[in-house]
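S.K.: I'd like to go over a predicted model; first the sequence, then the structure.
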Amino acid sequence: MLIKVKVTPGSREEKVTSDEEGFLKVKLRAPPEDGKANTALIEVLAKHFNLPKRCIIIQSGHTSRIKHVLIDSLEAVIKP
């Protein structure tokens, strides 16, 4: 499943919501530097979807606030 994500790094809380435009909105405590926000995004989405981190892949937008993220839940079923 490919989802569009709007990331807000440097927030006071970590929170996952959605908006009317079809984006998943993710607030992260991590700052947007040295890939820290991307790492935190993977951790937060893995916890939100109850999947291992290896199932969350940022496809595009590594340096943007808008990202396309692949959720590969099939891998979670195949590899315990």
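M.R.: Happy to help now that I have it.
S.K.: what about Pro9, distance to Asp72?
M.R.: Taking Cβ to Cβ, to the nearest Å as the measure, Pro9 falls 24 Å from Asp72. From N, CA and C alone the C-beta is placed, and that goes for glycine too.
S.K.: For the two, work out which one has more neighbours and name it.
M.R.: The neighbour count for Pro9 versus Asp72, taken as other Cβ atoms under 10 Å, is higher for Pro9 (18 against 15).
S.K.: Please state the backbone phi and psi of the more buried one?
M.R.: phi -80, psi 160 (degrees, to the nearest 10).
S.K.: Relative to Ile58, how far out is the residue nearest in space to the middle of the chain?
M.R.: Within the chain, the residue whose C-alpha comes closest to the C-alpha centroid is Leu41; the distance, by Cα atoms, centre = their mean, is 3.9 Å. Computed with Cβ to Cβ, the distance linking Leu41 and Ile58 is 7 Å.
S.K.: Need the overlap of contacts for the two.
M.R.: Jointly contacting Leu41 and Ile58 under the rule Cβ atoms under 8 Å, 6 or more residues apart in numbering are Lys67, Val69.
S.K.: Surely His68 is in a helix?
M.R.: No - applying DSSP: H, G, I helix; E, B strand; the rest coil, one finds His68 to be strand, outside a helix.
S.K.: ok, residues contacting the helix or strand containing the residue nearest to the centre of the chain?
M.R.: Assigned by DSSP states H and E, Leu41 belongs to helix 36-49. Under the criterion Cβ under 8 Å, 6+ apart, residues 5, 7, 9, 14, 16, 26, 28-31, 52-53, 55-56, 58, 62, 67, 69, 71, 73 lie in contact with helix 36-49.
S.K.: How far does the very next helix or strand once past it sit from its chain's centre?
M.R.: Per DSSP H and E, the first helix or strand lying C-terminal to helix 36-49 is strand 56-60. Remark: strand 56-60 is offset 8 Å from the chain centroid, using Cα atoms, centre = their mean, to the nearest Å.
S.K.: list the helices and strands strand 56-60 packs on?
M.R.: Strand 56-60 is packed against helix 36-49, strand 66-71, with contacts defined by 3 or more Cβ pairs under 8 Å, 6 or more residues apart in numbering; DSSP states H and E.
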